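Participant: No sequence on hand, only this structure:
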């Protein structure tokens, strides 16, 4: 599989503070990449750079090169809204809009100009099915999404992201606020989705990384310490710091 | 807890209760007084004749007491102020809450608070000196003191409450909603109007209702710019509001005329109650979300 995202010599500053230092990573398409590391190591910051959500934070400066499908995402010709349509995002805390389940899913497609009710119906059903939540909500599409449980809300957010047909889905600790049953549902779902999508997931849960990811990247203090096949990284880490972290000696 | 402390706690609670009851007592007294003093005139004149009579001639030898001109003037004036003031206030609030830099926001909010603090007689004075002659010249009418002038003054007077309450509601929209929208590829402007504003809608509705309450209850400023003649309302006609009808005749009224003024106050009071009930509905809705 060819690499869909290529990052070269990337650094990121919050004002004077350098939060990411010289990151180099190539992420293959249609696979799951886990980003692990202790809190504050920069993995979430890195994730949010990929769909330029860091643009919204005042004082953030990024240098180096981030390429999506071989195109520099900071190039003046790139429409950031179009980029974010192709690179979707699921947040740590489930954040459905305070509107109906249907309107949550239809929000993205409507934003991108789809008005026909029939088309929207199809998209809503397909997205909810793909996110494995259709059976639970099909009878209450008009009900407020905030009435769902946390786990359902998170799958709804995944369905909402799928509705705009992204290529890449960034997930920022999508299960950290969920119970174990909901967590395993999201994991199953992710494994299923990688057939069609590229998933990059920040996780604090190393078992989760082992269970579902193909590649794992270990971040520490703003640096990418080690990146490789998940199996290899967890069985025979090449860096001492990775070994210390995955064996639970710190973090 | 020892006994002394217990007694102290109880005493303080008691004092708070009494202070709270003072407010309730005032409202009750006003209500009872208005009803008692407002009913006789309505009885004597007849409810329909009073509410829907088109002529108010309290000083003539054969007086008639129809307050439809006042009711319609108050309704049109308030509606006009809302139509003119809400869009300005609403978009200002969106700008302040979502677009403006911190410095701009603070400066504008200070000025808006200042606007809220200006006494209504000053609004009236400014209206008399600027607005009334302005309307006369621009629209070539004999007298600029008119419903239009009152609407403009009221629209400006309700701006502060609309801007402040809407801004607060929009500020309270969780950033997560907006992030989710942006992450789906929506532009910032799409995000404001399709996520932030709907999420803040009960707060914005509250702002509008507060504006209505302020506009319908205003007396001094509108008296100074509206000409204060008991005409059926027209945009360029001199008109009289429910509030100004009471205020302008009370000092020299007597007998049935005086009682009729109380009845007007009762009608105004019912309008305000209706608005407050609406407000309560929106506030309840807000808690639900």
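Facilitator: Done, it's in. Source: prediction; values computed, not measured.
Participant: pLDDT wise, what is residue 198 at?
Facilitator: Defaulting to chain A. pLDDT, residue A:198: 96.
Participant: nope, chain B
Facilitator: At residue B:198, pLDDT is 94.
Participant: Give me the neighbour count for it.
Facilitator: Other residues lying near residue B:198 total 15 when counted by other Cβ atoms under 10 Å in any protein chain shown. (C-beta placed from N, C-alpha, C; glycine too.)
Participant: So it is in contact with residue A:99, correct?
Facilitator: Yes: the pair residue B:198 and residue A:99 qualifies as a contact (Cβ atoms under 8 Å) at a distance of 6.7 Å.
Participant: Which helix or strand contains the residue nearest to the spatial centre of chain A?
Facilitator: The centroid of chain A falls nearest to residue A:170 when counting by Cα atoms, centre = their mean (1.5 Å). Using DSSP states H and E, residue A:170 sits within strand A:168-172.
Participant: quick one on the thing from earlier: got the contact list for the residue nearest to the centre of chain A?
Facilitator: Residues near residue A:170 by Cβ atoms under 8 Å, 6 or more residues apart in numbering or on different chains: A:47, A:48, A:50, A:51, A:87, A:88, A:89, A:90, A:200, A:201.
Participant: Residue A:168 versus the third one, what's the distance?
Facilitator: Here the criterion is Cβ to Cβ, to the nearest Å. By it, residue A:50 lies 7 Å from residue A:168.
Participant: out of these two, which sits in the busier spot?
Facilitator: Neighbour count, other Cβ under 10 Å: between residue A:50 and residue A:168, residue A:168 has more, with 23 against 20.
Participant: how near is residue A:4 to residue A:28?
Facilitator: Taken as Cβ to Cβ, the span from residue A:4 to residue A:28 is 7 Å.
Participant: Look at the two and report which has more neighbours.
Facilitator: Per other Cβ under 10 Å, whichever of residue A:4 and residue A:28 has more neighbours is residue A:4, with 21 against 14.
Participant: which one is that one nearest to, not counting chain neighbours?
Facilitator: In space, residue A:4 comes closest to residue A:29 once its chain neighbours are excluded; the distance is 3.9 Å by Cβ to Cβ, 6 or more residues apart in numbering or on different chains.
Participant: can you list the domain ranges for chain B.
Facilitator: Using automatic domain parsing, the domain ranges for chain B come out as B:3-52, B:68-288.
Participant: Out of these, which gets nearest to chain A?
Facilitator: domain B:68-288 (3.5 Å; Cβ to the nearest Cβ).
Participant: How about the closest one and chain A, any contact?
Facilitator: Yes: Domain B:68-288 comes into contact with chain A (Cβ under 8 Å from any Cβ of the partner chain), by way of B:174, B:176-177, B:179-187, B:190, B:194-195, B:198-199.
Participant: of those, buried ones?
Facilitator: B:177, B:179-186, B:190, B:194-195, B:199 (16 or more other Cβ atoms under 10 Å in any protein chain shown).
Participant: Contacts only, for the residue nearest in space to the middle of chain B.
Facilitator: Closest residue to the average C-alpha location of chain B: residue B:214 at 1.8 Å, with Cα atoms, centre = their mean. Residues counted as contacts of residue B:214 (Cβ under 8 Å, 6+ apart) are B:157, B:158, B:161.
Participant: Neighbour-wise, which one of these leads?
Facilitator: Neighbour-wise, these (other Cβ under 10 Å) top out at residue B:158, 28 neighbours.
Participant: that older thread, downstream of the strand holding residue A:170, the next helix or strand is which one?
Facilitator: Immediately after strand A:168-172, counting by DSSP H and E, sits helix A:180-193.
Participant: just for chain A, where's the confidence low?
Facilitator: Regions of chain A meeting the criterion pLDDT under 70 cover residues A:1, A:250-251.
Participant: tell me which parts of it are close to chain B?
Facilitator: Residues of chain A lying near chain B (Cβ under 8 Å from any Cβ): A:51, A:53, A:56, A:81-85, A:88-89, A:91, A:93, A:95-99, A:107-108, A:111-112, A:146, A:157, A:160-161, A:164.
Participant: The same query, at a cut-off of 7 Å, please.
Facilitator: A:51, A:53, A:56, A:81-82, A:84-85, A:88-89, A:91, A:93, A:95, A:97-99, A:107-108, A:111-112, A:160, A:164 (Cβ under 7 Å from any Cβ of the partner chain).
Participant: Name the stretch among the domains of chain B that sits most buried.
Facilitator: Highest mean neighbour count of those: domain B:68-288, a mean of 19 (counted as mean count of other Cβ atoms under 10 Å in any protein chain shown).
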